[in-house]
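Participant: Here is my input, please return the structure:
(one chain, ligands or ions: 2)
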Amino acid sequence: MTTFQTVDDLECGQRLLVRIDINAPVEDGVVQDNRRFARHAETIAELLAEDHAVAILAHQGRPGRETFVPLEGHAEILADHLGREVGYVPDTFGEEALEAIDDLDSGDVLVLENARMCEEELPEEDPEVKAETAFVRTLASEFDAYVNDAYSAAHRSHASLVGFPQVMDAYAGRVMEAEYTANSAIQEREFDSPVTMVLGGTKAEDLIPVIEQVDDTVDRFCLGGIVGELFLRADGHDVGYDVDGTDFFDHQWDDHRETIERVLSEYGDRLHLASDLAYEDAEGERAEKTVEEIEKATSYLDVGGETTGEYVDLVGDSEAVFVKGALGVFEDERFADGTVDVLSAIAETDCFSVVGGGDTARSIEMYDLDEDDFSHVSVAGGAYVRALTGEGLVGVDVLEQAD
Ligand SMILES: Nc1ncnc2c1ncn2[C@@H]1O[C@H](COP(=O)(O)OP(=O)(O)O)[C@@H](O)[C@H]1O
Ligand SMILES: O=C(OP(=O)(O)O)[C@H](O)COP(=O)(O)O
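Facilitator: Ligands and ions are numbered 1, 2, ... in the order given. Got it, this is the predicted structure:
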């Protein structure tokens with residue numbers, strides 16, 4: 001049962017500040033549609049039908065990354081989903097933004113600039129601290145109420161997620177409500193063994209603590225992607241280093257080395273690491289090496305065939321499987337095998353299954369898998385695995401307190 005106010009509790013015709021999560025892949029500087037746009041468009045359409053005026057707050061990428069881009073393209077994708085004009089202003093709470101907000105009429109939608117381009121959005125700080133920022137104070141005074149629909153970012157204590165409920169009426173949007181309900185129900189379920197968790201993708205720092213926190217319910221972990229390589233590095237293999245200009249490994253290794261080594265030594269018998277990895281050879285073809293043969297100076301882009309076979313067998317014999325993050329760079333067909341073969345194996349069984357992550361869930365559509373073959377496909381990644389641990393999500397906690 002939800003314990004926060006929802007959009008059902010809103011009176012019609014208000015001026016709303018709506019936080020959504022349309023953080024999406026960016027290819028050659030161009031943002032790509034993912035499942036999040038369609039889901040949030042449904043919330044926005046419902047708000048517009050109730051004669052509200054809507055300003056959208058959202059983030060994209062992280063400062064310093066190639067995916068850190070303005071939200072102009074996001075506004076266009078939202079407009080396509082909504083079938084109506086969506087405004088965009090390249091400003092968050094300065095004069096230009098305030099003028100555009102002032103012009104908003106009932107039934108209008110305006111996308112404000114990438115919240116992470118505002119200095120006060122990051123870093124993570126207590127909600128009370130974020131509530132005092134000029135960013136929050138200024139925008140709060142322009143609206144009647146705040147709606148948080150960004151469940152998939154609710155594990156971050158950033159200003160746009162936790163500041164506003166401290167200073168104005170706050171409500172959960174439809175995506176927030178649906179994901180919260182689904183993920184809370186999963187957390188309360190009990191499964192017969194074996195339960196398998198497949199962890200991959202780039203955000204190792206969100207996943208490493210989870211391994212320790214779910215150790216009483218998850219029997220085995222199949223690792224790939226960046227997180228898998230960092231564990232291989234801890235296991236003494238020459239992988240998991242930044243090469244060819246990548247920026248995935250070394251900072252996460254420096255920050256989490258001790259935990260990775262501890263988790264490996266304490267849970268090693270339950271951690272399945274790749275025995276082989278795939279890379280692009282000099283002819284541009286997919287090639288594979290066993291981890292024993294590996295030399296450092298190569299980017300590995302997928303788990304190899306032997307590893308995929310092992311993971312397919314493990315999920316095939318599971319009562320429940322939880323997936324967060326891709327096992328390889330599935331956006332490139334040559335390196336999609338690990339991710340797609342494991343997802344296909346899950347789809348073929350009747351085990352309870354959840355697939356999460358803004359990027360990872362996209363592989364289901366890209367490779368024509370059927371969403372109905374999974375128990376739940378979440379638009380959230382880090383937030384959903386955090387919810388599985390039973391730990392609260394700060395963005396949800398502040399909504400509950402605001403009730
Ligand atoms: N070995 C790898 N090298 C680089 N990127 C990888 C590798 N393995 C997986 N990825 C990337 O991880 C991304 C998904 O990771 P992440 O953003 O952490 O997950 P999600 O958004 O699904 O929660 C995919 O887009 C995929 O390309
Ligand atoms: O995409 C997100 O999380 P996810 O990759 O865990 O699904 C959220 O937008 C949070 O983004 P962040 O991990 O850069 O804080």
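Participant: Now for the residue of the stretch 151-300 of the chain found nearest ligand 1, how many residues are close by?
Facilitator: Relative to ligand 1, the nearest point of the stretch 151-300 of the chain is G201 (2.6 Å; C-beta to the nearest ligand atom). To be clear about C-beta, it is placed using only N, CA and C from the backbone, and glycine gets the same treatment. For G201, the count of nearby residues is 27 (other C-beta atoms under 10 Å).
Participant: That one and G382 touch, don't they?
Facilitator: No: with contacts counted by C-beta atoms under 8 Å, G201 stays clear of G382, the gap being 9.3 Å.
Participant: Would you mind listing the residues touching both of those two?
Facilitator: Shared contacts of G201 and G382, defined by C-beta atoms under 8 Å, 6 or more residues apart in numbering, comprise 207, 324.
Participant: what sits against E306?
Facilitator: 275-276, 290.
Participant: Just confirm it is within a strand.
Facilitator: No: E306 is assigned helix when assessed by DSSP: H, G, I helix; E, B strand; the rest coil, not a strand.
Participant: Can you report phi and psi for A55?
Facilitator: phi -110, psi 130 (degrees, to the nearest 10).
Participant: Give me the neighbour count for the residue lying closest to D21 once chain neighbours are set aside.
Facilitator: In space, and not counting its chain neighbours, D21 is closest to A150: 3.9 Å by C-beta to C-beta, 6 or more residues apart in numbering. For A150, the count of nearby residues is 30 (other C-beta under 10 Å).
Participant: Please apply the same query to L122.
Facilitator: 16.
Participant: Where does pLDDT dip in the stretch 1-150 of the chain?
Facilitator: Counting by pLDDT under 70, the stretch 1-150 of the chain has low-confidence residues at 1-2.
Participant: show me where it has helices.
Facilitator: Using DSSP state H, counting those that start in this stretch, the helices of the stretch 1-150 of the chain run over 35-49, 72-82, 95-102, 127-131, 134-140.
Participant: sorry, back to before: of the contacts of E306, which are in range of ligand 1?
Facilitator: Contacts with ligand 1 are made by none of those, judged by C-beta under 6 Å from any ligand atom.
Participant: TSV please, covering these and showing neighbour count.
Facilitator: Shown next, in TSV, are those (neighbours: other C-beta atoms under 10 Å):
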residue	neighbour count
S275	16
D276	21
T290	13
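Participant: got the residues you listed as CSV, with secondary structure and pLDDT columns?
Facilitator: Converted to CSV, the contacts of E306 look like this (DSSP: H, G, I helix; E, B strand; the rest coil; pLDDT from 0 to 100):
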residue, secondary structure, pLDDT
S275, coil, 98
D276, strand, 98
T290, strand, 97
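Participant: and of those, the nearest to V26?
Facilitator: D276 (30.0 Å; C-beta to C-beta).
Participant: Pull the number of nearby residues for the nearest residue to V291 once chain neighbours are set aside.
Facilitator: Excluding the flanking residues, the one nearest V291 by C-beta to C-beta, 6+ apart is H237, at 4.9 Å. For H237, the neighbour count with other C-beta under 10 Å is 17.
Participant: Regarding H237, what are the backbone dihedral angles?
Facilitator: According to degrees, to the nearest 10, H237 has phi -90, psi 160.
Participant: and what of Y367?
Facilitator: phi -110, psi 30.
Participant: give me every residue that touches it.
Facilitator: So Y367 contacts 330, 336, 340, 343 (C-beta under 8 Å, 6+ apart).
Participant: Mind giving me the PyMOL command for buried ones among these?
Facilitator: Buried residues within those, by 16 or more other C-beta atoms under 10 Å, are selected in PyMOL with:
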select buried, resi 330+336+340+343
